[in-house]
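In: This is the structure alone, sequence omitted:
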């Protein structure tokens, strides 16, 4: 029943590793997003995909690569993880500009 | 430039009191939304107000929108301890390149 689900919920990994976070939405929305929330709760958009096409790519290091196999999925792959990547990553979806954003429950990434 | 900046950053009140949070934004919008985030959880959509609306109610929530001042306020009446959370505003605009952004939120603590 979960509208936007992301996995895993927690991820602890060492510097230099490569990891992926998966996101799926069953709302039929055409736009999906990845946000990063830092320790001060500031939510910063990273990427936005509309119908599998990248429409927003904020100043995010190339180590971050989103992949959208279909409009219901938007995965985030991170290469060569750094300490500063530690944060909570949220996936969200929306349907155009007519409604709000539906968020997943977040993935807490800790790089040690 | 950042949309959706909330004020104050923190608010501490007693149960039963009203809580007012403000949000300012910079560019033209289609709508503005308010979200709640409980500690360690994702954001939950509370209410959406369209650019042609001035006030909207939902239960104990009252949202106002002043497009001439590019500002919105969220009023929670008769607050409860369960209202303790961070509250964020976000805007949605026109065009596929519009970047939906959030601020740092207002951290509300309601003391029982």
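Out: Thanks, I have the structure now. Predicted, not measured: the structure shown is a model, and the values here were computed from it.

In: give me every residue that touches the residue nearest to the spatial centre of chain A.
Out: Residue closest to the average C-alpha location in chain A (C-alpha atoms, centre = their mean): residue A:34, at 3.2 Å. By C-beta atoms under 8 Å, 6 or more residues apart in numbering or on different chains, the contact set of residue A:34 is A:23, A:45-48, A:66, A:74, A:76, A:89-92. Every residue, glycine included, has its C-beta placed from N, CA and C.

In: Could you list which of these belong to helices?
Out: Among the contacts of residue A:34, no residue falls in helices (DSSP state H).

In: Please identify which of those residues is nearest to residue B:87.
Out: Ranked by distance to residue B:87 (C-beta to C-beta), these are led by residue A:90 at 15.9 Å.

In: Around that closest one, count how many other residues there are.
Out: A count of nearby residues for residue A:90, using other C-beta atoms under 10 Å in any protein chain shown, gives 26.

In: what's the answer for residue B:11, then?
Out: Per other C-beta under 10 Å, the neighbour tally for residue B:11 reads 17.

In: which residues sit against the strand or helix carrying it?
Out: Using DSSP states H and E, residue B:11 maps to strand B:10-14. With contacts defined as C-beta under 8 Å, 6+ apart, strand B:10-14 is touched by B:19, B:21, B:79, B:106-111.

In: residues contacting residue 83?
Out: Answering for chain A, as no chain was given. A:15, A:111-112.

In: if you could check chain B rather than the one you did, that'd help
Out: For residue B:83, the contacting residues are B:19, B:76, B:108, B:110, by C-beta under 8 Å, 6+ apart.
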